[in-house]
Structures are given as C-alpha cells and as structure tokens.
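A.B. asks: Turn this into a model:
(one chain, ligands or ions: 1)
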Amino acid sequence: MKPKVIVIGGGLGGLSAAIRLAVAGFEVQLYERNAGLGGKMNQRRLGAYLFDTGPTLLTMPFVLDELFAVAGFDRQLLLPLTRLAPLCRYFFADGSRLDAHADEARMLAALKDFAPGETESYRRFIQYSARIYQRASEVFLFTPLHEFRKVLRPHFWPSLWHLAQIDPLRSMHRAVDRHFTDPRLVQLFDRYATYNGSDPYQAPATLNIIAYVEHVLGGYYINGGMYRLVEVLREIASKLGVGLHSGRPVKKIVHDGRKVLGVELEDKSESADYVLCNADVVETFNTLIEGFARRRAALNRLEPSLSGMVFLWGISLPLQELEQHNVFFSADYQSEFNCLVHERRAPDDPTVYVAISAKADAGHAPSGGSNCFVMVNMPYLQEENQWQIAKVRAAVLRRLRKGGLDLEAHIEYEEIITPDDFYGMYRTNRGGIYGIASNDRSTAFKRPPNRSRDLRRLYFAGGSSHPGGGIPLVLLSGKMAAELITEEADNC
Ligand SMILES: Cc1cc2nc3c(=O)[nH]c(=O)nc-3n(C[C@H](O)[C@H](O)[C@H](O)COP(=O)(O)OP(=O)(O)OC[C@H]3O[C@@H](n4cnc5c(N)ncnc54)[C@H](O)[C@@H]3O)c2cc1C
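C.D. replies: Next comes the predicted model:
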C-alpha cells in the first residue's frame, strides 16, 4: 500500500509539495479551508476589471521549470511567461523618475541620464550582489538549512568557508549606502528588503541577493495573469491523482505526543503516515496542535513580517504614464520604516506600489481603463491597531498625486484588503504576508525548519518555514519538505 500524506493548505508551497509527493508514489490528500486553492495567490473580478490580489511579480522562473519537469509537464507550453522590460518605473519624491531594467546595457543607459556618476557604482553593486547569490543560494535557498547532515556535505564547504562574503553582519541599508552616493538609488535598492516583509535598516546585507535575482535573473509576468499558476498547478496535481478538497478546514493535527497520526476535519478524523502543513507554522502551533507550550511561546516571540494594505481600483483611465510595475517613493524612507517597524503604525507618507496587469493583458480591464493593484506596507496586527483605513487611503492618494497621478475621481470600482483580511483569509501569523521578518542576523536559522523538531512525520512548507516567503521560495520549501518525507519513507 502507498504511504499516505495529508497536506494542510493549498497555497503554492502545499501544491508544490503535493505534486512532488504524488510523483514520488505517495497517496496525497490536500485539505484547504478556503473555497479556492492558491492561498495568497488569488484573484478578484470587479465589473470588467480582473485583479491578481497577491503576487504580481515572478522571479527565479527556473524553480517553476524544475517543478513542471519533475511532474512531466512542459512549463513553456502550459504557462508562458514574459520577461519584464522595464522591470519597474520608479517615481521619486523630488519629481524624478527612473525605469529599471534587467539588462545591464539598458540599465546603464538609463542611469547615465538619471545619475551619471553612479554607473560604475551600479556595476560594482551588482557584482557584489552576484557574489552573495553564488555563496548563499545553495545553502540558504536550495537546501533544508536545518538538516545538518546535508549542509555539512563536502559539496557545501566552499560556501561555508566563504560565508563572510554573504555580508551577514552589517545592515542591508549600510551596504547599499556604501555603494551609492545618490540617495534615490539607495532608496531603490533598500526597497528590496520589503520583498520578504523586512526593514532595510535592520535586515542583514545578505538580502542584497535580491538585487541580483531581479536585475540579472530578471522579473517575469505570467501571461494571462499570475493566478494562471494556481490553475495550472491544480490541473497538474489533479492529473497526478492528488485528492484536492477545498472548503475543508483542518481543525486539529492529531498526535500521540511523539508523532503525528493524522488530522481532524469538521466531520471526520483521517489518519495518515505523514502530515505536511502548508498553513502558517505559528498559527498551526497556536490553533491546530495541542501541547508543546514552549515551542508555541518561542514561535510567538519571532517577529512577524510586515503586512500590507491593498487597494484594488478599477480606474477609467488608460494611465499611459505608468508601466506594468510602478513605485512611488516616500520622501523619507527611514521615517517610513520607523513608523512601520518601531512605532507599528501606518506611515503618513507611504511608498506606494502600483501594478497594472492590463498593460500586458488588455482583457484585464475595459477598453481605456486600468486595473490598478495598489499596495503599501503595513505593520503586522497588534491588539490595537494604530491605523484607520480611510487615513491610509488618503495618504496613498496624496503620494500618488505628488507623483503626478490624480486617481480619486476616476475610481470606478474599489475593494480594499487590510492586514485583518490577510489574517482572516489565509490565517497568516498576525496578518504578516511573508512569515517571519528577516530583521535580525540569525533569522535564516530561527525560521521554522521543514521538518518538525517536536513531532515525527510532521513537515512544513510555505512562507513561514524555510527558506521564507515569495513564490520561488515557497515552491522550494514544498520541494524540500517533499524530499525529506520521501527520504524518511525510503529509510523505513
Ligand atoms: C499582496 C501580496 C503581494 C505579494 N507579492 C508577491 C510578489 O510580487 N512576488 C512574490 O514572489 N511573492 C509575493 N507575495 C508573497 C507570496 O504570495 C507568498 O509568499 C506565497 O504565495 C505564500 O505561499 P504559501 O505556500 O506560504 O501559502 P499561503 O498562500 O499562505 O497559503 C496557505 C494556505 O493554507 C490554508 N490554511 C490555513 N490554515 C488551514 C487549515 N487549518 N486547514 C486547511 N487549510 C488551511 C490557507 O487558507 C491558505 O490557502 C505577495 C503576497 C501578498 C499577500
């Protein structure tokens, strides 16, 4: 008989793991509490406007290619991608703008006009960022870091020997600031800390790896909309025989104190040889696992990542002055993060991100209209939140107006997603979007591992476990958890 795995949660980490486990010969049953699969990768239609409500940017597409290949499907055929050019249009508070490119010649040409003295700094910064990628990615992104027998393999010795080159001791901001003299470029590269919900003034400079990932490996759009990824993964999982049960919340992970025995659903208990949990790890210990008070307390002491507020605006304008991805920077980045991370309130002058998928897929908005996904960073939830939706909305509109974009009178449709909604919809720890913040030097080690330390046969995949949040990383997390289960089953 095939060993059976129950997967809790149909986010990208859960789907990635379920597909791999099915390929490896397990019986896989996936339970998702929401009506649809995909977790934070979600979509919403408002009138004739279609929105991706979660991720808008794909990086490291080779991670997807490998998943499709393992499952025996052709990614290029099923899920065509477009490499973004430009990556993003940046609007700075002084009125200047820059189109950033994942193409060195075009980026250097853009910088020549924007900040002529900085072209050499950019080249050096990207070389530095490439070094971090070469030294860090194998150990910190592609390997289950907490499995010492894997990390200590001779293959990794060069990476471990050169660990200082990943720049773990100074802050991301300090390293960026040492490379550039133009404060606008410092702000641009500091922003990459928010790709995993962290603060550039505290996060280790190792996070400058993200600049290499985006500027060299490139940023991508999934043709037809980002949600296509969920649709295609669902199809693949289903063809491989994964039992997909949506609208079925798991109420409890059943265990005997040493190992997991299965799960409890609303109407029945189901036993399993392994449980792979894609739900947030902190929430899982808070609500689904009885006992283990010390682990629960330790997990709750970890700092959650930033949350966000999203405005889905159907705008009756073509917005020709915008690209598919746009950022309107605040005037004072340090004070913005001071509000978000230390005072835990919404900044009065937020940096605003605007993505318009209709620039690539005209069918996502009515003719002459724009489907604006507008997002700002927000603090994670507290007992009493220091913000009001109306004030955040006004601050967003003000920042856009300062950047030359007056949208308010042209909003035909509107829906707002708040940090409370992120908790309500996906049960993320205190509404944080990316799991645990990387605001201290040792977060990579403190982030929950893919194999539970407390219960045998319990595994974790998703943004709250290793290697962290973001599409490629949660897919890798699913890969690592599935491989660990397969190894354990092979050794039984
Ligand atoms: C607004 C926003 C913008 C983003 N932008 C980007 C971007 O541009 N690029 C990028 O790479 N990443 C981005 N991300 C991050 C990315 O979306 C996430 O890191 C990733 O999708 C999380 O996947 P996951 O596997 O952790 O699962 P999640 O998406 O967290 O899904 C977990 C699933 O588990 C389910 N679940 C929870 N508890 C239970 C239970 N008890 N029983 C059954 N099911 C349960 C939940 O309902 C959910 O569906 C963004 C996220 C958001 C919210």
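
A.B. asks: and for stretch 485-492, what are the contacting residues?
C.D. replies: Contact with stretch 485-492 is made by P3, V5, R20, L21, A24, F26, D273, Y274, L276, R457, Y459, as judged by C-beta atoms under 8 Å, 6 or more residues apart in numbering. All C-beta atoms are positioned from the backbone trio N, CA, C, and that covers glycine.

A.B. asks: Quick one: residues contacting the fifth one.
C.D. replies: To tie it back to what came earlier, the one meant is A24. Taking C-beta under 8 Å, 6+ apart as the test, what A24 contacts is A482, T486.

A.B. asks: quick one: it from K259, how far?
C.D. replies: From A24 across to K259, the span is 20 Å (C-beta to C-beta, to the nearest Å).

A.B. asks: Ok, I389 next?
C.D. replies: From I389 to K259 the distance is 45 Å (C-beta to C-beta).

A.B. asks: Quick check: PyMOL command selecting the buried ones in the contacts of stretch 485-492.
C.D. replies: Command for PyMOL, covering only those of the contacts of stretch 485-492 found buried under the criterion 16 or more other C-beta atoms under 10 Å:
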select buried, resi 3+5+20+21+24+26+273+274+276+457+459
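
A.B. asks: closest to S465 among the contacts of stretch 485-492?
C.D. replies: Y459 (8.7 Å; C-beta to C-beta).

A.B. asks: Just give the closest residue to that closest one, not the sequence neighbours.
C.D. replies: Spatially, and ignoring its direct neighbours in sequence, Y459 is nearest to A481 (4.3 Å; C-beta to C-beta, 6 or more residues apart in numbering).

A.B. asks: Report the separation between the closest residue in space to Q187 that isn't next to it in sequence and V376.
C.D. replies: Residue nearest to Q187 in three dimensions, not counting chain neighbours: Y333, with 5.0 Å by C-beta to C-beta, 6+ apart. Distance of Y333 to V376, computed by C-beta to C-beta: 13 Å.

A.B. asks: list the residues that contact both of those two?
C.D. replies: Common neighbours of Y333 and V376 (C-beta under 8 Å, 6+ apart) are T351.

A.B. asks: And the contacts of the helix or strand D421 falls within?
C.D. replies: Assigned by DSSP states H and E, D421 belongs to helix 419-426. Residues from elsewhere that reach helix 419-426, judged by C-beta under 8 Å, 6+ apart: 11, 34, 39-40, 42, 280, 307-309, 378-381, 385, 417, 428, 430-433.

A.B. asks: Pull the number of nearby residues for K259.
C.D. replies: 15 (other C-beta atoms under 10 Å).

A.B. asks: for it, what are its contacts?
C.D. replies: L455, R456, R457, L458.

A.B. asks: Quick check: closest non-adjacent residue to it.
C.D. replies: Nearest to K259 is R456, by C-beta to C-beta, 6+ apart, at 3.8 Å.

A.B. asks: E412 too?
C.D. replies: Using C-beta to C-beta, 6+ apart, the nearest residue to E412 is G314, at 4.5 Å.

A.B. asks: So that neighbour sits against A365, correct?
C.D. replies: Yes - assessed by C-beta atoms under 8 Å, G314 is found in contact with A365 at 7.0 Å.

A.B. asks: what is in contact with those two at once?
C.D. replies: A48, Y49, N371.

A.B. asks: Return the member of these nearest to the ligand.
C.D. replies: Using C-beta to the nearest ligand atom, N371 is the member of the shared contacts of G314 and A365 that lies nearest the ligand, at 14.5 Å.

A.B. asks: doesn't that closest one fall inside a strand?
C.D. replies: Yes - assessed by DSSP: H, G, I helix; E, B strand; the rest coil, N371 belongs to a strand.

A.B. asks: So what sits opposite it in the bridge?
C.D. replies: G314 (DSSP bridges).

A.B. asks: May I ask you to confirm that it is in contact with H364?
C.D. replies: Yes - in this structure, N371 is within contact of H364 by C-beta under 8 Å, at 5.0 Å.

A.B. asks: How about G262: which residues does it bridge to?
C.D. replies: V254, S271.

A.B. asks: residues from the stretch 351-492 of the chain in reach of the ligand?
C.D. replies: M375, Y426, R427, T428, I433, Y434, G462, G463, G469, G470, I471, V474 (C-beta under 6 Å from any ligand atom).

A.B. asks: Now for the last one: which residues touch it?
C.D. replies: Listed by C-beta under 8 Å, 6+ apart, the contact set of V474 reads G11, L12, G13, S16, A461, G462, G463.

A.B. asks: check contacts around the last one.
C.D. replies: What it means is G463. 11, 13, 40, 280, 428, 433-435, 469-470, 473-474, 477.

A.B. asks: Likewise for the first one?
C.D. replies: With contact set as C-beta under 8 Å, 6+ apart, G11 has these partners: G38, G39, K40, M41, N278, Y426, G462, G463, V474.

A.B. asks: Also the third one?
C.D. replies: By C-beta under 8 Å, 6+ apart, the contact list for G13 reads N278, A461, G462, G463, S465, V474, L475, S477, G478, A481.

A.B. asks: low-confidence ranges in this structure?
C.D. replies: Where the chain drops to pLDDT under 70, the residues are 148, 156.

A.B. asks: Surely the residue nearest to K259 touches D256?
C.D. replies: No - with contact defined as C-beta under 8 Å, R456 does not reach D256; the gap is 9.8 Å.

A.B. asks: Secondary structure class of the residue in the stretch 51-200 of the chain positioned nearest to the ligand, three-state.
C.D. replies: For the stretch 51-200 of the chain, the residue closest to the ligand is P55, as judged by C-beta to the nearest ligand atom, at 3.3 Å. Classification of P55 by three-state DSSP places it in coil.

A.B. asks: now swap in E415 and tell me
C.D. replies: strand.

A.B. asks: for the closest residue to it other than its chain neighbours, phi and psi?
C.D. replies: Once flanking residues are discounted, E415 sits nearest to L312: 4.4 Å by C-beta to C-beta, 6+ apart. Main-chain torsions, L312, degrees, to the nearest 10: phi -90, psi 110.

A.B. asks: And for L87?
C.D. replies: phi -70, psi -50.

A.B. asks: so who does it touch?
C.D. replies: With contact set as C-beta under 8 Å, 6+ apart, L87 has these partners: A100, H101, A102, E214, H215, G218, G219, H325.

A.B. asks: How are the strands of the stretch 351-492 of the chain distributed by residue range?
C.D. replies: Using DSSP state E, counting those that start in this stretch, the strands found in the stretch 351-492 of the chain span residues 352-356, 370-378, 411-417, 458-460.
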